[in-house]
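1. predicted model follows, preceded by the sequence.
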Amino acid sequence: MSRAALGRLALLAVPLAFFALFFAYPVAAITGRGLRPDGVWQPGRAGEVLTDPDVAQVLWFTVWQAAASTGLTLAVALPGAYVFARLSFPGKRLLHAVITVPFVLPTVVTGAAFLALVGRGGLLDELWGVRLDTSVWAILLAHVFFNYAVVVRTVGGLWAQLDPRQEEAARVLGAGRFAAWRRVTLPALAPSVAAASLMVFLFTFTSFGAVQILGGPRYATLEVEIYRQTAQLLDLPTAAVLTLLQFAAVAALLAAHAGIVRRRESALALVDPGDTAHRPRGGGQWALLGGTLAVIALLLLLPLAVLVERSLSGPDGYGLAHYRALASADGGTFLVAPWEAVGNSLAYAAVATLIALAVGGLAAAALTRRAGRFTRGFDALLMLPLGTSAVTVGFGFLIALDEPPLDLRASWILVPLAQALVGVPFVVRVMLPVLRAVDDRLRQAAAVLGASPWRAWREVDLPLVRRAALVAAGFAFAVSLGEFGATVFIARADSPTLPVAVARLLGRAGELNYGQAMALSTILMLVCALTLLLLESVRPARTSELVA
């Protein structure tokens with residue numbers, strides 16, 4: 001085995017061990033226990049579950065709402081991708097950060113925001129008597145709200161680097177504006193649009209928090225049904241079959257995504273993004289800019305603004321009563337004051353970020369040089385936690401990590417480990433393109449001068465990727481802060497996180513509980529927004545895409 005191969009395996013050792021112990025093992029344990037409830041395999045159980053009409057209905061709705069959400073997101077966000085890629089306007093960088101806030105918010109907060117906007121007593125209900133929380137439209141709009149930035153950053157990131165002179169040449173040769181775009185620009189963008197579509201479909205296919213809050217008893221995705229079968233009915237065999245069904249669907253999606261990403265790396269005429277943006281020209285571009293700003297204001301900013309308004313609104317008018325109430329425990333919903341969830345979340349997210357940076361950084365370094373199927377397979381494996389049932393992972397932690405030497409059920413580290421599983425893919429996606437852009441001749445020159453591989457990485461790679469590492473850390477921190485699906489199982493009652501506290505408050509009746517949920521959601525939103533604004537100030541030009 002070559003020295004380079006040995007070095008790659010050494011770098012992969014820690015990420016492989018991390019995913020084996022804290023992802024594959026818990027998922028296999030909970031699934032295995034479900035398929036062998038009495039220690040005996042029950043292969044017929046899968047057939048019973050898959051032929052159940054209720055399960056078929058859940059599967060149909062899961063696929064339908066994911067497809068509808070994806071189509072609606074593309075229709076709304078593709079004009080925004082053009083605006084951010086090709087047009088220059090005041091506040092563009094700030095707005096670029098703001099539109100990403102919904103993506104890093106936990107889905108339970110997304111659900112709370114839309115509940116305050118379209119639910120009973122919400123803004124639309126008060127103004128016009130319109131409620132959408134009893135219809136599927138609330139779920140679809142919440143998914144567009146959540147995934148808008150995925151399309152804008154993924155498609156817009158490539159669009160900004162396409163040479164506009166190719167389209168201009170087609171115009172000179174007699175093609176109309178639309179024909180030139182359809183024949184020149186669209187084929188170049190097609191892999192990027194497909195990649196964004198697959199990512200949106202993946203996130204909406206496994207949607208949990210927003211559907212749980214907005215869907216009610218009428219609408220349930222596979223993820224919600226897995227939670228119901230696991231936590232409420234304690235029917236592990238059914239939950240296990242549904243988990244395997246979801247896992248197979250997600251694996252197929254990720255395989256398609258990996259193929260599209262590889263095709264997207266084909267040769268294109270790319271230029272500096274700063275050279276392609278210009279001030280709006282003509283009425284059409286001004287109208288497109290105005291329409292995009294209106295969509296952002298109504299679809300992204302209005303729900304967040306309503307969230308803040310509801311947190312300040314009380315029976316005696318506007319004030320900080322709900323925020324002050326967070327300082328006291330009620331002895332029922334919480335064993336501690338809800339305000340302590342803020343400190344818990346920040347501490348857990350900080351530890352999770354360190355873990356994600358260590359694991360993701362080593363994985364990105366190993367994947368820098370493209371290799372064989374094993375390396376490509378591990379690259380796809382790193383994305384699996386984003387598409388695997390977080391409910392399964394969380395419950396699997398409780399089932400699997402309960403015996404020495406991995407008896408972690410009573411340990412605080414369990415929550416950061418679950419959060420880091422979600423953070424690692426973002427670290428890899430941000431750092432990998434930058435590491436691959438480092439000229440390998442610099443590493444070779446350091447080796448010729450006698451530097452060890454560790455010193456060469458420290459002296460050559462690290463200075464060049466430091467800013468990308470900061471961006472990766474920021475994304476890992478934000479998504480760790482908002483992780484809900486797994487944390488809801490493993491967060492202790494005396495140490496709740498912000499998303500868990502919000503969900504518990506929303507689950508109880510009463511104006512005070514609702515107001516406190518809005519207050520905690522607002523706090524979480526502000527922390528995520530501040531993190532993203534800091535990221536935007538240090539973001540390297542080549543890390544403009546959210547996912548790659």
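-> Noted; the coordinates are in hand. Numbering: from 1, shown residues only.
2. drop to CA atoms for contacts and neighbour counts, all remaining ones
-> Noted.
3. who does the one helix or strand T238 maps to touch, helix- and strand-wise?
-> Assigning secondary structure by DSSP states H and E places T238 in helix 236-264. Secondary-structure packing of helix 236-264 (3 or more C-alpha pairs under 8 Å, 6 or more residues apart in numbering; DSSP states H and E): helix 25-35, helix 43-50, helix 186-205, helix 222-227, helix 373-381, helix 384-387.
4. which outside residues touch whichever helix or strand comes after the last one?
-> Put plainly, it is helix 384-387. Downstream of helix 384-387, the first helix or strand assigned by DSSP H and E is helix 390-400. Residues outside helix 390-400 that contact it (C-alpha atoms under 8 Å, 6 or more residues apart in numbering): 22-23, 25-30, 223, 226-227, 243, 409, 414, 418, 485-490.
5. same thing but 6 Å
-> With C-alpha atoms under 6 Å, 6 or more residues apart in numbering as the test, helix 390-400 has contacts from P26, V27, A29, I30, G485, A486, F489.
6. the nearest residue to the fourth one once chain neighbours are set aside and V108: what is the separation?
-> If the residues on either side of it in the chain are set aside, I30 comes closest to G396, at 4.9 Å by C-alpha to C-alpha, 6 or more residues apart in numbering. Plainly put, G396 is 21 Å away from V108 if you go by C-alpha to C-alpha, to the nearest Å.
7. with W137 instead?
-> 17 Å.
8. of these two, give the one with the bigger neighbour count.
-> Taking other C-alpha atoms under 10 Å, W137 and V108 do not tie; V108 has more neighbours (25 against 16).
9. wait, doesn't the more buried one sit right on V211?
-> No. Between V108 and V211 there is no contact under C-alpha atoms under 6 Å: 8.9 Å.
10. now the helix holding T238 against helix 25-35, angle please.
-> Angular relation of helix 236-264 and helix 25-35 on a 0 to 180 degree scale: 140 degrees, by axes from the mean of the first three to the mean of the last three C-alpha atoms, to 10 degrees.
11. may I see the buried residues of whatever helix or strand comes next after helix 236-264?
-> Counting by DSSP H and E, the next helix or strand C-terminal to helix 236-264 is helix 282-295. Using 16 or more other C-alpha atoms under 10 Å as the test for burial, helix 282-295 gives L288, L289, T292, V295.
12. ok, and the closest non-adjacent residue to the last one?
-> By the measure of C-alpha to C-alpha, 6+ apart, the closest residue to V295 outside its immediate chain neighbours is V76, 7.9 Å from it.
13. if you count neighbours, what's buried in the strand or helix carrying the one you found?
-> Using DSSP H and E, V76 sits within helix 53-86. Buried positions in helix 53-86, judged by neighbour count with 16+ other C-alpha under 10 Å: 55, 58-59, 61-63, 65-67, 69-74, 76-86.
14. report all helices and strands that it contacts.
-> helix 136-159, helix 186-205 (3 or more C-alpha pairs under 6 Å, 6 or more residues apart in numbering; DSSP states H and E).
15. and these, which one is worst for confidence?
-> Ranked on mean pLDDT, the bottom entry among those is helix 186-205, at a mean of 81.
16. give the next helix or strand downstream of it.
-> Next helix or strand after helix 186-205 toward the C-terminus (DSSP H and E): helix 209-214.
17. now that following helix, how far from the centre of its chain.
-> Centroid separation between helix 209-214 and its chain, computed with C-alpha atoms, centre = their mean, to the nearest Å, is 16 Å.
18. now F19: how far from A13?
-> In terms of C-alpha to C-alpha, F19 sits 10 Å off from A13.
19. neighbour count for those two, which is higher?
-> The residue with more neighbours, out of F19 and A13, is F19; 17 against 14, by other C-alpha under 10 Å.
20. what helix or strand is the more buried one located in?
-> helix 3-19.
21. ditto for L505
-> helix 498-506.
22. show me what that helix is packed up against.
-> So helix 498-506, by 3+ C-alpha pairs under 6 Å, 6+ apart, packs with helix 511-538.
23. in the helix it packs on, what's buried?
-> For helix 511-538, using 16+ other C-alpha under 10 Å, the buried residues are 512-529, 531-533, 535-536.
24. equivalent analysis for stretch 299-315, please.
-> 299-314.
25. what is the neighbour count of R324?
-> Neighbour tally, R324, other C-alpha under 10 Å: 12.
26. and N147, how far is that from A10?
-> Distance from N147 to A10, by C-alpha to C-alpha: 36 Å.
27. and what of V184?
-> Noted for V184: a distance of 44 Å to A10, by C-alpha to C-alpha.
28. quick one, which of the two is more surrounded?
-> It is V184, of V184 and A10, that has more neighbours when counted by other C-alpha under 10 Å, with 17 against 13.
29. which residues touch the more buried one?
-> Counting by C-alpha under 6 Å, 6+ apart, V184 has contacts E167.
30. CA atoms only: put the helix holding L505 into CSV for me.
-> These are the backbone C-alpha positions of helix 498-506, laid out as CSV (Å, rounded to 0.1, in the frame of the first residue of the first chain):
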residue,chain,number,x,y,z
LEU,A,498,-33.9,25.5,23.2
PRO,A,499,-35.7,23.5,20.5
VAL,A,500,-36.9,20.9,23.1
ALA,A,501,-38.1,23.7,25.4
VAL,A,502,-40.0,25.4,22.6
ALA,A,503,-41.7,22.1,21.6
ARG,A,504,-42.7,21.4,25.2
LEU,A,505,-44.2,24.8,25.7
LEU,A,506,-46.1,24.6,22.4
